[in-house]
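A.B. asks: coords please:
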Amino acid sequence: MSDVSNQALRKSEISAQLSLGANEVSTKSNEPSVLSVEQLNVYIKQLLEGQVGVIWVKGEISNFKAHTSGHFYFSLKDSKSQITAVMFRGNNARLKFKPTDGMEVIVRGRISVYEPRGNYQLMCDMMEPVGAGALQKAFEQLKMKLKAEGLFESARKKPIPTFPRHIAVVTSPTGAAIRDILNVLSRRAPSIQVTVVPTIVQGESAAPLIGEALRKAINLPDVDAIIVGRGGGSIEDMWCFNNEVLARQIAASPIPIISAVGHEIDFTIADFVADLRAPTPSAAAELVAKSSGELSAKIKNFERLLAFSLEKKMKLLHQRILGLSKGLIDPQRRLQDLNLRNDDLLNRLEFALRRLFSVRHHKVELLTEKLGTPEDLIDEKRKDLEFLMARADKALVHSLDRKRSSLSKYMAILDSLSPLKVVDRGYSIVTKNSEVIKAGGQVKKGDLIDIRLAEGSLTAVVDSVKGK
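C.D. replies: Residues are numbered from 1 along each chain as shown. Prediction:
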């Protein structure tokens with residue numbers, strides 16, 4: 001610290017001691033002065049705030065926190081030290097970029113002491129990124145953000161109509177840009193309807209007004225394309241075209257939008273999200289409106305090419321017809337050839353039919369000879385019938401003989417088993433009341449019994465019974 005600063009610090013110290021009162025900080029008493037913690041913090045606060053003044057500090061941001069109250073709290077550090085810092089909402093609202101951890105910045109502020117904790121911190125009121133300016137830094141941040149979301153992809157861009165009939169121009173009604181655009185459009189395509197939607201294109205309030213004008217242009221009936229732009233200027237003048245809300249509105253437009261901001265070397269976020277970027281407003285008018293003179297020349301050129309192509313095609317067809325004509329045969333000669341061919345085919349058909357009939361006739365003769373006369377056939381069948389009848393009679397007689405022999409055999413067996421045959425051999429059949437007596441127990445003494453003999457029968461009285 002310089003000598004001047006040391007002297008100022010010493011004066012501040014003396015002043016602070018005087019402000020604390022003679023009873024608390026006395027330079028005349030032999031007793032040591034005793035301060036409370038609060039008195040010490042107040043003393044340090046007055047000392048630092050009164051003597052250090054506005055300072056500029058360069059460092060790297062760390063522990064950055066955007067509080068819900070809108071205030072920024074962070075630390076500034078270098079390779080050997082760090083200091084806490086705060087930037088209140090009223091100051092950070094003017095930042096064109098968003099601070100992040102690791103970003104190297106230069107801040108302007110004052111040193112202050114937070115008395116309840118005894119911490120000193122840097123109260124920042126301005127911040128600039130080291131290297132690129134704040135606006136450039138904000139431009140790059142927004143560009144990276146929208147690019148990551150795909151708003152710059154060529155696939156989502158809408159084609160500009162080849163022959164638009166109604167064009168809306170969103171720009172300042174008093175600027176040079178609108179004069180250039182109207183001049184080019186009236187010269188190249190006077191038939192195109194042009195609607196100017198006025199707005200301001202510079203200043204902090206320009207972006208929302210451009211967005212409002214763009215909404216009006218989109219809602220116009222039968223608009224085929226919209227030109228949004230302004231003439232050249234500084235980056236601050238054209239900064240309204242780097243607004244995120246306006247960029248998203250341009251990207252979401254259902255009508256193709258041509259961005260024409262500044263000169264060829266000027267690029268804004270609107271240029272990247274628009275469906276077509278024109279280097280200047282005049283170029284935008286030339287891109288959207290084809291020159292009637294150029295179109296007329298192109299049409300004449302197409303007519304010449306079409307006539308040449310048609311003539312060439314006709315020549316080719318004529319040559320082809322000539323070639324085909326040479327290959328054609330005289331119809332009379334062709335007819336004679338066909339007659340000869342017809343006769344030849346008829347002769348071949350007659351020969352084939354005669355041969356077929358001959359073969360079939362021969363087959364019929366052979367079959368007729370094989371079949372013989374009907375009488376012979378009847379005699380042959382009659383003989384066959386007689387032979388079969390004789391065989392049937394013989395078989396029937398033989399069958400009857402066999403059946404008769406079997407019957408005689410069975411009758412002999414049946415007759416041998418008849419009870420009458422047993423009686424004929426000397427046996428008799430004793431019955432009582434028509435029941436055959438087989439045991440002595442079936443009768444008793446005095447019963448009448450009938451006795452069947454081989455010849456005749458008799459009735460007898462049981463005189464005695466033996467056995468059961």
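
A.B. asks: any idea where the strands of the chain begin and end?
C.D. replies: Assigned by DSSP state E, the strands in the chain fall at 54-66, 72-77, 82-87, 104-114, 119-129, 166-171, 193-198, 225-230, 257-261, 276-277, 429-432, 435-436, 448-452, 457-461.

A.B. asks: Mean neighbour count added to the ones you listed, as CSV?
C.D. replies: Quick note: C-beta positions are derived from backbone N, CA and C, even for glycine. Shown next, in CSV, are the strands of the chain (neighbours: other CB atoms under 10 Å):
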stretch, mean neighbour count
strand 54-66, 14
strand 72-77, 20
strand 82-87, 18
strand 104-114, 17
strand 119-129, 18
strand 166-171, 24
strand 193-198, 17
strand 225-230, 29
strand 257-261, 27
strand 276-277, 19
strand 429-432, 15
strand 435-436, 10
strand 448-452, 15
strand 457-461, 10
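
A.B. asks: could those go into JSON lines alongside mean pLDDT and distance to Arg341?
C.D. replies: Formatted as JSON lines, the strands of the chain follow (pLDDT from 0 to 100; distance: least, CB to CB, whole Å):
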{"stretch": "strand 54-66", "mean pLDDT": "90", "distance to Arg341": "103"}
{"stretch": "strand 72-77", "mean pLDDT": "92", "distance to Arg341": "107"}
{"stretch": "strand 82-87", "mean pLDDT": "92", "distance to Arg341": "109"}
{"stretch": "strand 104-114", "mean pLDDT": "89", "distance to Arg341": "103"}
{"stretch": "strand 119-129", "mean pLDDT": "89", "distance to Arg341": "100"}
{"stretch": "strand 166-171", "mean pLDDT": "95", "distance to Arg341": "74"}
{"stretch": "strand 193-198", "mean pLDDT": "95", "distance to Arg341": "76"}
{"stretch": "strand 225-230", "mean pLDDT": "94", "distance to Arg341": "73"}
{"stretch": "strand 257-261", "mean pLDDT": "94", "distance to Arg341": "76"}
{"stretch": "strand 276-277", "mean pLDDT": "94", "distance to Arg341": "73"}
{"stretch": "strand 429-432", "mean pLDDT": "90", "distance to Arg341": "117"}
{"stretch": "strand 435-436", "mean pLDDT": "89", "distance to Arg341": "116"}
{"stretch": "strand 448-452", "mean pLDDT": "91", "distance to Arg341": "118"}
{"stretch": "strand 457-461", "mean pLDDT": "92", "distance to Arg341": "121"}
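
A.B. asks: Next, format those as JSON lines and append distance to Arg354.
C.D. replies: Shown next, in JSON lines, are the strands of the chain (distance: least, CB to CB, whole Å):
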{"stretch": "strand 54-66", "distance to Arg354": "116"}
{"stretch": "strand 72-77", "distance to Arg354": "120"}
{"stretch": "strand 82-87", "distance to Arg354": "123"}
{"stretch": "strand 104-114", "distance to Arg354": "118"}
{"stretch": "strand 119-129", "distance to Arg354": "115"}
{"stretch": "strand 166-171", "distance to Arg354": "91"}
{"stretch": "strand 193-198", "distance to Arg354": "93"}
{"stretch": "strand 225-230", "distance to Arg354": "90"}
{"stretch": "strand 257-261", "distance to Arg354": "93"}
{"stretch": "strand 276-277", "distance to Arg354": "90"}
{"stretch": "strand 429-432", "distance to Arg354": "102"}
{"stretch": "strand 435-436", "distance to Arg354": "102"}
{"stretch": "strand 448-452", "distance to Arg354": "103"}
{"stretch": "strand 457-461", "distance to Arg354": "106"}
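
A.B. asks: Can you say which of the ones you listed is nearest to Leu182?
C.D. replies: Distance to Leu182, taken as CB to CB, is lowest for strand 193-198 among the strands of the chain, at 6.6 Å.

A.B. asks: ok, residues contacting that closest one?
C.D. replies: With contact meaning CB atoms under 8 Å, 6 or more residues apart in numbering, strand 193-198 is reached by 165-173, 178, 181-182, 185, 213-214, 216-217, 220, 223.

A.B. asks: Tell me which strands it pairs with, and in which orientation.
C.D. replies: Sheet pairing for strand 193-198, assigned by DSSP bridges, gives strand 166-171 (parallel).

A.B. asks: tell me the angle of the strand it pairs with relative to strand 257-261?
C.D. replies: Angle between the axes of strand 166-171 and strand 257-261 is 30 degrees (criterion: axes from the mean of the first three to the mean of the last three CA atoms, to 10 degrees).

A.B. asks: could I get strand 166-171 in CSV with only the CA atoms?
C.D. replies: The C-alpha trace of strand 166-171 is given here as CSV (Å, rounded to 0.1, in the frame of the first residue of the first chain):
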residue,chain,number,x,y,z
HIS,A,166,-47.2,-11.4,-50.3
ILE,A,167,-44.2,-10.4,-48.2
ALA,A,168,-44.2,-8.8,-44.8
VAL,A,169,-41.3,-6.7,-43.6
VAL,A,170,-40.7,-6.3,-39.9
THR,A,171,-38.3,-3.3,-39.4
